[in-house]
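>>> from the sequence below, what's the structure:
(2 chains)
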2 protein chains.
Amino acid sequence: MSVTVVGSIAFDAVTTPFGSRERMLGGSAVHFALAASFFDTVHVVGPVGDDFDEEEYEVLRARGVDTRDIEHVAGRTFFWRGEYSWDLSTRQTLDTQLGVFAGFEPRLSDESRGAELVFLANIQPQLQRQVRAQCTAARFVALDSMNLWIETERPALIEALGGVDCLMLNDSELRELTREPNLIRAARQIHGWGPSVVVAKRGEFGAAMVTREGFFALPAFPLETVLDPTGAGDCFAGGFMGYLGAHSGHEINHELLSQAMAYGTALASFNVEEFGVQRVAALTTDEIAERVAELGGMTRLTAKPLALRG
Amino acid sequence: MSVTVVGSIAFDAVTTPFGSRERMLGGSAVHFALAASFFDTVHVVGPVGDDFDEEEYEVLRARGVDTRDIEHVAGRTFFWRGEYSWDLSTRQTLDTQLGVFAGFEPRLSDESRGAELVFLANIQPQLQRQVRAQCTAARFVALDSMNLWIETERPALIEALGGVDCLMLNDSELRELTREPNLIRAARQIHGWGPSVVVAKRGEFGAAMVTREGFFALPAFPLETVLDPTGAGDCFAGGFMGYLGAHSGHEINHELLSQAMAYGTALASFNVEEFGVQRVAALTTDEIAERVAELGGMTRLTAKPLALRG
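Numbering: from 1, shown residues only, chains lettered A, B, ... in the order given. As a prediction, the model looks like this:
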């Protein structure tokens, strides 16, 4: 079993209250791939420019990521510059340079097409549909998006949703997409469009999932030090999809998806502890296992039945 | 064992996207008392005016609440008018008339003083200290506050915290109070001021608790229909403190407090299903037990150890 991700490969310039970095390896496909690499083989699909060097490839290859579908195009790699607020809860995009991403036409190798798990990271909905159509062996496809596409490409996005099993979106974007403020009602609407799984990413409040079978939620892993939230959502998706990928023979049901949420939560929490991909690229499997176990303890309800007063 | 609450007894006028009510029984002490009444005897301390009738007393007495310390003062009962945004996440206060609350000097009967559990609902910090000083039998005291007191009475509030075991505050108010954006660091600062338990109320994202022993968090119970969030935080506190009150012989440790969070979450969720106190006043004990059990299922992590790829 393997996991294919299509999305941005980027250089990020990030300022948070805890520091600045001018040029870090980033992008949704990169964050996702590194996180998922602890669970399964990952194929990355996306374009890079002339400024993308062996050094950057090496970060992915060191984690066993398949980079054959990283397409080298003349020009510059996608670049994003952003700055976070004092409590890291909001961020401002200061610059976006699409570079080689502008004319991107995803072309998948047989290996990438053959993956059972597919993550369509946040790119134009039309491109997401093209990739989805090529992944004929897919057993479970998840899609991320953003307010830009909700506002400019809503019909195309809803059409893309028709071909996927899972929508992962920020809580506020779910409301915006469905024009429904209540999460449960919003999720039911999305179930009607195709995806049977809706994951609401809630930043420091964690994540909630609404499947046709029920509801599940986890808090974010509590951290005293958060340096850079960039890529946390993609690392969540990487841990989540990777966990499913590691369970090839299993039915993908509410219970398995709930467990996947815990691994997604763990990977996201590591990501934010350092700038860029620094922490996740250097992670150990023991650290992941330990954090998931800790998270279990922090959410375990042991209440015994109580005689109440009618 | 019994629980004493001091706080507002009010008439509320509320507008939400789902309707308006012109005059409902409300106030933090009322919401708290009704929620806690399913667990333990509750003594309510607070002033009411000439417009507070037998009908209102009866709502409390029907749930076995001790109303002897509801003080009748010439004048009008505290009145609050507010309006909620489309997604219920923010609200605007349109009118506040303190009425008899303006000159309130809490005087507790022996019964109220003798309670082992005390909740100092959101009132002036100086009054909270007066009540705390009278409650000589208290085993566990919790305090709520609001941005108004953080902005106008911060030193008095921090002094009041010196005498309590638990601070329950909205997430954003915890940051404002401590001037620290990170919840864990904010909680450690508050531990240093006295309270060993910090509960961050997160509205529809649930609640998180930081004790000296660790972290615990629960999502809000997912609801398709939320009509009126007014009083949810006080109902949470009522379920939480009531649960502790029902465990007289037990040590109040991290585990018992985590269980109390589940009952708080359940009571808060019922409260928002109808306007005012309507739902909680008519609740059955079976409904509470069922909701807590459901919440347990929605947060239960069953992940088995997984062989990860180093």
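
>>> middle-most residue in chain A, spatially?
A:D234 (2.6 Å; C-alpha atoms, centre = their mean).

>>> and it, what does it touch?
A:7, A:28-29, A:31-32, A:35, A:121, A:144 (C-beta atoms under 8 Å, 6 or more residues apart in numbering or on different chains). Glycine gets a C-beta too; all of them are placed from N, C-alpha and C.

>>> mean confidence for the host helix or strand of it?
Counting by DSSP states H and E, the element that carries A:D234 is helix A:232-245. Averaged over helix A:232-245, pLDDT sits at 98.

>>> helix or strand right after that helix?
helix A:254-271.

>>> buried residues of that following helix, list them for me.
A:254-271 (16 or more other C-beta atoms under 10 Å in any protein chain shown).

>>> secondary structure class for A:F119?
Classification of A:F119 by DSSP: H, G, I helix; E, B strand; the rest coil places it in strand.

>>> what's the neighbour count on it?
31 (other C-beta atoms under 10 Å in any protein chain shown).

>>> now it: how far from chain B?
With distances taken as C-beta to the nearest C-beta, to the nearest Å, A:F119 is found 17 Å from chain B.

>>> residues in contact with the residue lying closest to that residue once chain neighbours are set aside?
Spatially, and ignoring its direct neighbours in sequence, A:F119 is nearest to A:V5 (4.5 Å; C-beta to C-beta, 6 or more residues apart in numbering or on different chains). A:V5 sits next to A:28-29, A:32-33, A:36, A:42-45, A:118-119, A:121, A:238, A:241 when contact means C-beta under 8 Å, 6+ apart.

>>> mean confidence score for the helix or strand containing A:V5?
For A:V5, the host element (DSSP H and E) is strand A:2-6. Here strand A:2-6 scores 98 as its mean pLDDT.

>>> touching chain B at all, the next helix or strand along the chain from it?
Once the chain leaves strand A:2-6, the next helix or strand it forms, by DSSP H and E, is strand A:10-16. No. On the criterion C-beta under 8 Å from any C-beta of the partner chain, strand A:10-16 is out of touch with chain B, staying 11.1 Å away.

>>> which strands and helices sit next to strand A:10-16?
Contact partners of strand A:10-16 among helices and strands, from 3 or more C-beta pairs under 8 Å, 6 or more residues apart in numbering or on different chains; DSSP states H and E: strand A:19-26, strand A:78-84.

>>> note down every partner strand of it and its orientation.
strand A:19-26 (antiparallel), strand A:78-84 (parallel) (DSSP bridges).

>>> tell me the most buried of those?
strand A:78-84 (a mean of 19; mean count of other C-beta atoms under 10 Å in any protein chain shown).

>>> next one: that one to chain centre, how far?
17 Å (C-alpha atoms, centre = their mean, to the nearest Å).

>>> cool, stretch A:159-166 as well?
Taking mean C-alpha positions (C-alpha atoms, centre = their mean), stretch A:159-166 and its chain are 16 Å apart.

>>> export it as CSV, just CAs?
Extracted in CSV, the C-alpha atoms of stretch A:159-166 (Å, rounded to 0.1, in the frame of the first residue of the first chain):
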residue,chain,number,x,y,z
GLU,A,159,-17.8,19.0,-8.1
ALA,A,160,-14.3,17.9,-7.0
LEU,A,161,-15.9,16.8,-3.7
GLY,A,162,-18.1,14.4,-5.7
GLY,A,163,-15.0,12.2,-6.3
VAL,A,164,-13.5,12.0,-2.8
ASP,A,165,-14.2,10.2,0.5
CYS,A,166,-13.0,12.8,2.9
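
>>> buried sites along that stretch?
A:159-161, A:163-166.

>>> any chance of those residues in a markdown table, with pLDDT and secondary structure too?
Formatted as a markdown table, those follow (pLDDT from 0 to 100; DSSP: H, G, I helix; E, B strand; the rest coil):
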| residue | pLDDT | secondary structure |
| --- | --- | --- |
| A:E159 | 98 | helix |
| A:A160 | 98 | helix |
| A:L161 | 98 | helix |
| A:G163 | 97 | coil |
| A:V164 | 98 | coil |
| A:D165 | 98 | coil |
| A:C166 | 98 | strand |
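
>>> that older thread, now, which of the contacts of A:D234 sits nearest chain B?
Nearest to chain B among the contacts of A:D234: A:A35, at 11.5 Å, using C-beta to the nearest C-beta.

>>> number of nearby residues for that closest one?
Number of residues near A:A35 (other C-beta under 10 Å) recorded here: 35.

>>> can you tell me how far it is from A:T299?
Applying C-beta to C-beta, to the nearest Å, the value for A:A35 to A:T299 is 21 Å.

>>> what stretches of chain A score poorly on pLDDT?
Judged by pLDDT under 70, chain A has its weakly predicted residues at A:303.

>>> let's see 80
A:1, A:303-305 (pLDDT under 80).

>>> show me where it has strands.
A:2-6, A:10-16, A:19-26, A:41-48, A:70-72, A:78-84, A:91-97, A:117-120, A:140-144, A:166-170, A:197-201, A:207-211, A:215-218 (DSSP state E).

>>> and the angle for the third one with helix A:232-245?
So the one you mean is strand A:19-26. Angle of strand A:19-26 versus helix A:232-245, following axes from the mean of the first three to the mean of the last three C-alpha atoms, to 10 degrees, is 40 degrees.

>>> count of neighbours near A:E294?
Quick note: A:E294 (other C-beta under 10 Å) scores 16 neighbours.

>>> grab the nearest non-local neighbour of A:L267.
A:G239 (3.3 Å).

>>> thought A:S269 was touching that neighbour, still the case?
No. With contact defined as C-beta atoms under 8 Å, A:G239 does not count as touching A:S269 (9.6 Å).

>>> ramachandran angles for A:R179?
Dihedral pair for A:R179: phi 60, psi 30, per degrees, to the nearest 10.

>>> who touches the closest residue to A:L98 other than its chain neighbours in this structure?
Distance criterion C-beta to C-beta, 6+ apart; nearest residue to A:L98, sequence neighbours excluded, is A:F78 at 6.1 Å. Neighbouring residues of A:F78 by C-beta under 8 Å, 6+ apart: A:8-11, A:27, A:47, A:97-101.
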